[in-house]
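Novice: Prediction below, plus the sequence it came from.
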Amino acid sequence: MWKLPQPTIDQVMSELYTAMTYKDGKLKYKLSPSEKADIQEIYDEYESVKGLGNAKLKGPAFTKETLAAMEASYGEVQQVGRLSKLRQSLLLNAGTCPCCGILPADELDHHLPKVDFKLLSIYPRNLVALCHKCNNKKRTVDGIDENKRFIHVYYDNVPVDVQFLFAQILIKGGGLVVRYEVKKIAELSELLYKQITFQTERVNFHGRIDPEVNIYLSSFAASLQLAYEGFGKAGVEITLKRSAEHAQKIFGLNHWRTVLLFGLAAYGDFCDGGFYEPLKLVRL
């Protein structure tokens, strides 16, 4: 969740040429040398401002025909397009959706919407892999209000070594109640805190996570039971901590799985046999 490695951009002009031609080499739309140079400047500007939208990135000096051709070029990034390998690499680079951390990232989103920023329609670092649910929720976010933007997974300085996502856990009525919370820590700027909070609410993270928590924890039922019967409360704590450390290596410190496991390891009642009922286990 939260961050992804930046895609390479050393082939952007070659990718632009590919998007503007057919397989037989015939041009779909001819860009003049000056337009190509100006598009490269737009790409450089995007890097300079780290993906924050501005008027220059919209290319006000370009003709309507060129802007329309650039927007249409995104068709080549689809599954059967000439730039389908770019699409595949971006999806593979993400794996799980960086917004929710729940579903596989199976769609591409334009961080700056291509309806407004047509020149960035195929720019790799404006393309972010998301799951369908998160992408659908983001489509209606215009990003005009800086407090109501999705974070940029390639540029924003989201802490990776300091925890800002926490889980409040309670055993209640025979079940496990888990509530996640983004906390304002010193390493998280006020703006980034507001954006992350907005993003989690926008994609309905809290409403979607409950069934995922139950499914995920069911895979630990047998190991926790063995640990408790063999070593008691300490055995469960160690099992959960080791599992949390493993999850951290794979998903990161502020992923819901990691946060959940560390939270459970610190929950004394859960570790001291309290896990039996919510995990539907029978004491031997």
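Specialist: Everything's here; your move. Numbers count the residues shown, from 1 in each chain.
Novice: Could I get the full set of strands for the stretch 101-250 of the chain?
Specialist: 107-110, 127-130, 165-172, 175-182 (DSSP state E, counting those that start in this stretch).
Novice: ok, the third one: who's next to it in the sheet?
Specialist: Applying DSSP bridges, strand 165-172 is found paired with strand 175-182 (antiparallel).
Novice: repeat for the first one
Specialist: The strands that strand 107-110 pairs with in its sheet are strand 127-130 (antiparallel) (by DSSP bridges).
Novice: List the contacts of the partner strand.
Specialist: Outside of strand 127-130, the residues within contact range by C-beta atoms under 8 Å, 6 or more residues apart in numbering are 4, 7, 77, 86, 90-91, 93-94, 97-99, 105-111, 138, 152-154. Glycine gets a C-beta too; all of them are placed from N, C-alpha and C.
Novice: Using neighbour counts, give me the buried entries of the residues you listed.
Specialist: Restricting those to buried positions leaves 4, 7, 77, 86, 90-91, 94, 97-99, 105, 107-111, 138, 152-154, with burial counted as 16 or more other C-beta atoms under 10 Å.
Novice: Please narrow those to those residing in helices.
Specialist: Leu86, Leu90, Leu91, Ala94, Lys138 (DSSP state H).
Novice: what about the longest helix seen in the chain, average pLDDT?
Specialist: Secondary structure assigned by DSSP H gives helix 221-251 as the longest helix of the chain. The pLDDT scores in helix 221-251 average 97.
Novice: to the chain's geometric centre, what's the distance from the very next helix or strand once past it?
Specialist: Going down the chain from helix 221-251, the next helix or strand is helix 256-265, by DSSP states H and E. Mean-position distance between helix 256-265 and its chain equals 19 Å (C-alpha atoms, centre = their mean, to the nearest Å).
Novice: now do stretch 184-200
Specialist: Computed by C-alpha atoms, centre = their mean, the separation of stretch 184-200 from the middle of its chain amounts to 15 Å.
Novice: List of residues touching it?
Specialist: For stretch 184-200, contacts defined as C-beta under 8 Å, 6+ apart pick out 2, 99, 146-151, 156-159, 162-164, 180, 182, 206.
Novice: Recalculate using a threshold of 10 Å.
Specialist: 1-2, 99-100, 134, 137-138, 141, 143, 145-152, 156-166, 180-183, 205-206, 209, 254 (C-beta atoms under 10 Å, 6 or more residues apart in numbering).
Novice: what is the mean pLDDT for it?
Specialist: Averaged across stretch 184-200, pLDDT comes to 95.
Novice: For Glu146, give its distance to His152.
Specialist: Glu146 sits 12 Å away from His152, going by C-beta to C-beta, to the nearest Å.
Novice: which residues are common contacts for those two?
Specialist: Overlap of the contact sets of Glu146 and His152 (by C-beta under 10 Å, 6+ apart) consists of Leu52, Gln195.
Novice: that older thread, what residues sit buried inside the longest helix of the chain?
Specialist: In terms of neighbour count (16+ other C-beta under 10 Å), helix 221-251 has its buried residues at 224-225, 227-228, 233, 235-237, 239-240, 243-244, 247-248, 251.
Novice: right, and the pair among the ones in helices among the buried ones among the contacts of strand 127-130 with maximum separation?
Specialist: Maximum pairwise distance among these (C-beta to C-beta): 20.2 Å, between Leu86 and Lys138.
Novice: that older thread, which one of the strands of the stretch 101-250 of the chain lies nearest to Lys58?
Specialist: The nearest among the strands of the stretch 101-250 of the chain, by C-beta to C-beta, is strand 107-110 at 13.0 Å.
Novice: which residues touch that closest one?
Specialist: For strand 107-110, the external contacting residues (C-beta under 10 Å, 6+ apart) are 74, 77-78, 86-87, 90-91, 94, 97, 99, 116-118, 120-123, 126-136, 138-139, 150.
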